[in-house]
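S.K.: I need the structure of the sequence given here:
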Amino acid sequence: MTMRRINVVILVLLVVAFLIILQRNLLNLNDFLRHESAEAAPGALLPFEPDFAIKHKPDVIRTGVEIPVVITAAEERLGAALAAMNSVYRNSKSNIVFNIVTLNDSVDHLKTWMSKADFTGIKHKVIVFEPKILEGKILNDPQKKDEAKPLTFARYYMPMFLPSVEKAIYLDDDVIVQGDIQELFDTNLKAGHAAAFSDDCDSASSKGIVRGAGNQNNYIGFLDFKKEAIKKLGMRATTCSFNPGVIVANLTEWRIQNITSQLEQWMERNVKEDLYSKTLAESVTTPPLLIVFYKRHSSIDPMWHVRHLGATGAANRYSVQFVNAAKLLHWNGHYKPWGRLSSFSDVWDKWYIPDPLDKFHPIRKHSEDK
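M.R.: All right, here's what the predicted structure looks like:
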């Protein structure tokens, strides 16, 4: 009897010791996560939102390698970001982690919207972008205030947002994903390439119209080839351009090549020399990427970036069957799918989640207007 009692006492002590060690490890992990989030740059990384996952039972068990998806969420376009994420999440069983880049003033609205949305067990991080990092890098042109909004440049800073990630996907907010994002993530990047884009000359979107530029799909539409700095690069003006609204990025290679620093240098040169601000395409985000990735990027399957749905005449360019077969739709252009005059807005509507604060309102035609 004495030995049995001694064994029971020893067992109890071991259990107590194990519980104490487990509690300490959990506390240390919590402190570590808080410390990591405080040091994020060029924005602050907010921790995972536990309430968001607790309120809903997961519909599927998502295991395997994490697929980091970076997307921006501007206040006036939060509904777009939520619709895009909803489409990504519902069409895949992969282990997706959304990295939502927003401005400080939009955090509360974003959190409220996501807490009310019916996302079951979604993993996400909120990253607050600091616009000060762009000082001296963009022109103060009142006519291009929309193109020069801070979050449009967030894609340049992906390695800083995701310091330990090797590969990630960037998506513009005006997209809808109809395929399994795992397929896009598995895009093969050639050795030495830091990113993959969809070329503007590809078969799916080559007829797309860039507003103000006509049938534009080459470098000369984005860069001023009369400028000496551009001439010295030796780039062919007729080289096919690409659209950076969808990016598959090798962030390890991005860091090795200092891609972010290269992009910033061209932004600063444009402020001084006006290398691309007055080009036909009227883009301030794409030109630095075209320069840095000239003949040094891999290609994305054209069906994973069917674009120009926001351009005039998109309904005549694409058939309903083709739109339904596309893996990813991009409403780049003037007419957005939450607007009144957009083509194929019914596709976007399927993924839209109403704003619980009633601030974001898609504009739709009344029945008598149809």
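
S.K.: switch to C-alpha atoms for all contacts and neighbour counts from now on
M.R.: Fine.

S.K.: where along the stretch 51-200 of the chain do the strands fall?
M.R.: For the stretch 51-200 of the chain, strands defined by DSSP state E, counting those that start in this stretch occupy the ranges 66-72, 95-102, 123-129, 167-171, 175-177, 195-199.

S.K.: pull up the pairing partners for the longest one, direction included.
M.R.: Using DSSP bridges, the neighbouring strands of strand 95-102 in the sheet come out as strand 66-72 (parallel), strand 123-129 (parallel).

S.K.: possible to save the ones you listed as JSON lines with mean pLDDT?
M.R.: JSON lines is the format used below for these (pLDDT from 0 to 100):
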{"stretch": "strand 66-72", "mean pLDDT": "98"}
{"stretch": "strand 123-129", "mean pLDDT": "96"}
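
S.K.: Y318: which of the strands of the stretch 51-200 of the chain is closest?
M.R.: Closest to Y318 of the strands of the stretch 51-200 of the chain is strand 175-177 (C-alpha to C-alpha; 15.7 Å).

S.K.: same for the closest one, what does it pack against?
M.R.: helix 78-90, strand 328-330 (3 or more C-alpha pairs under 8 Å, 6 or more residues apart in numbering; DSSP states H and E).

S.K.: just send the ones you listed back as JSON lines, with distance to I259, mean pLDDT and mean neighbour count too.
M.R.: What follows is the helices and strands packed on strand 175-177, written out as JSON lines (distance: least, C-alpha to C-alpha, whole Å; pLDDT from 0 to 100; neighbours: other C-alpha atoms under 10 Å):
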{"stretch": "helix 78-90", "distance to I259": "26", "mean pLDDT": "97", "mean neighbour count": "23"}
{"stretch": "strand 328-330", "distance to I259": "25", "mean pLDDT": "98", "mean neighbour count": "24"}
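
S.K.: and W254, what does it touch?
M.R.: By C-alpha atoms under 8 Å, 6 or more residues apart in numbering, the residues touching W254 are P159, A194, A195, T260.

S.K.: could you export these to a markdown table, including columns for distance to A148?
M.R.: Shown next, in a markdown table, are the contacts of W254 (distance: C-alpha to C-alpha, whole Å):
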| residue | distance to A148 |
| --- | --- |
| P159 | 21 |
| A194 | 24 |
| A195 | 22 |
| T260 | 17 |
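
S.K.: which one is R296 nearest to, not counting chain neighbours?
M.R.: H193 (5.9 Å; C-alpha to C-alpha, 6 or more residues apart in numbering).

S.K.: got it, and G245?
M.R.: The nearest residue in space to G245 (C-alpha to C-alpha, 6+ apart) is D172, at 5.0 Å.

S.K.: tally of neighbours for that neighbour?
M.R.: As a burial measure, D172 scores 22 neighbours (other C-alpha atoms under 10 Å).

S.K.: state the pLDDT value of the residue nearest to K227 when sequence neighbours are not counted.
M.R.: Spatially, and ignoring its direct neighbours in sequence, K227 is nearest to L275 (6.5 Å; C-alpha to C-alpha, 6+ apart). On pLDDT, L275 comes in at 94.

S.K.: roughly how far apart are L275 and K93?
M.R.: As judged by C-alpha to C-alpha, to the nearest Å, L275 and K93 stand 44 Å apart.

S.K.: of the two, who's got more company?
M.R.: Neighbour count, other C-alpha under 10 Å: between L275 and K93, L275 has more, with 24 against 16.

S.K.: what helix or strand is the more buried one on?
M.R.: Of the helices and strands defined by DSSP states H and E, none includes L275.

S.K.: could you do P288 as well?
M.R.: Counting by DSSP H and E, P288 is found in helix 286-292.

S.K.: so what does that helix touch, helix or strand wise?
M.R.: Packed next to helix 286-292, using 3+ C-alpha pairs under 8 Å, 6+ apart, are strand 242-250, helix 259-273.

S.K.: export stretch 99-109 as CSV, just CAs?
M.R.: Output in CSV follows, covering the C-alpha atoms of stretch 99-109 (Å, rounded to 0.1, in the frame of the first residue of the first chain):
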residue,chain,number,x,y,z
ASN,A,99,-2.9,39.7,-45.1
ILE,A,100,-5.1,42.8,-45.3
VAL,A,101,-3.3,46.1,-45.8
THR,A,102,-5.3,49.1,-44.8
LEU,A,103,-4.9,52.6,-43.3
ASN,A,104,-5.3,53.3,-39.6
ASP,A,105,-8.6,55.1,-40.0
SER,A,106,-10.2,52.0,-41.6
VAL,A,107,-9.2,49.4,-39.1
ASP,A,108,-12.4,49.6,-36.9
HIS,A,109,-14.7,49.5,-39.9
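
S.K.: what's in contact with that stretch?
M.R.: Against stretch 99-109 from outside (C-alpha under 8 Å, 6+ apart): 68-75, 124-130, 151, 154, 357.

S.K.: among the helices and strands packed on helix 286-292, which is nearest M85?
M.R.: Per C-alpha to C-alpha, nearest to M85 of the helices and strands packed on helix 286-292: strand 242-250, 13.6 Å.

S.K.: since that was my last question, I'll sign off now.
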